[in-house]
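Q: everything below, folded, please.
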Amino acid sequence: MRKLSLRARTWISEVCYALLVLITACFFALSCVALLSQAARTSPGRSWADNWDAVIIGATYFLVCILSIALCVKRRIAVRRRLQRISKTHQSITQSEVPQPVHEYISQEFARSCLVSYESQPRNTDHSGWGRPGTKLSGIRFRRALLDTIADIDARARVVIPSHPNLKPHARMLHHFRFLLPLMPMDEEGLSELHYYDSAIQLARTADREPTEEEYQRGMGAANSILQILNECRLEMLEESRMRIDRNVKP
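A: Below you'll find the model as predicted:
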């Protein structure tokens, strides 16, 4: 049998409580009306005039109603205050706080929960476009990670070449970073790291499928190589500036 959700059980509990209060109030009102009518019928004049029995009955029911409401309100306030005093932070239960069997039971259930959580972790799975669990690429989305490198390389390129053109949303990396090509070494096929980086970015931008792990690693390797070359150029520029300043300072 399917169990009801916590929200459904809370709703049913509140409805039942409201019905109980409504039924109790109806019986309370009916009994009050019945006693008042009986007091009127049994009075000497069969009227409400100078009918002290009706006054006593009405006052009694009114007092009972006020006391009942006051007790309910007091109980709700006491429960709310008690719940507010409960700490929301995690507190470990030591052996001195509970009996030994209870502490052992809590420890066993905690260890069982940890074991279930560990065993339920995905293993040997391969989700397209994401790093495999248990590897250094776990939790990395290849497409997003590749595209995030564009801003880093562009900011580093502006340090080396201040007049570098502004980045356009869909510009090819090979065209946008064309001024960096003279700084890039070529391989035996005549391709630089910028060519490989451009291919990886185009694949991440326009391909219907997600990048594979090999494509991601090749693209990130190219991006890191470009960043390293730009860092070396920046250090050379700083060193050259320092040497020029030293020459000017010397008499």
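Q: verify the stated contact: M220 with L147.
A: No. Counting by Cβ atoms under 8 Å, M220 does not reach L147; the two are 11.6 Å apart. Where you see a C-beta, it was placed from the backbone N, CA and C, and this is true even at glycine.
Q: so between these two, which is more surrounded?
A: Neighbours per residue (other Cβ atoms under 10 Å) separate M220 from L147, with M220 holding more: 18 against 15.
Q: check contacts around the more buried one.
A: By Cβ atoms under 8 Å, 6 or more residues apart in numbering, M220 lies in contact with A145, L146, T149, A200.
Q: please identify the buried residues of the helix or strand where the third one lies?
A: The reference is to T149. In this assignment (DSSP states H and E), T149 forms part of helix 142-160. Buried positions in helix 142-160, judged by neighbour count with 16 or more other Cβ atoms under 10 Å: F142, R143, A145, L146, T149, I150, I153, D154, R156, A157, V160.
Q: for it, what is the distance to the chain centroid?
A: In terms of Cα atoms, centre = their mean, to the nearest Å, the centre of helix 142-160 is set 28 Å apart from its chain centre.
Q: following the chain past it, name the next helix or strand.
A: helix 173-176.
Q: so which bits of that next one are buried?
A: For helix 173-176, by 16+ other Cβ under 10 Å, it's M173, L174, H176.
Q: phi, psi of the residue lying closest to the first one once chain neighbours are set aside?
A: Nearest residue to M173 in three dimensions, chain neighbours excluded: D198, at 4.1 Å (Cβ to Cβ, 6 or more residues apart in numbering). The main-chain torsion angles of D198 are listed as degrees, to the nearest 10 and equal phi -60, psi -40.
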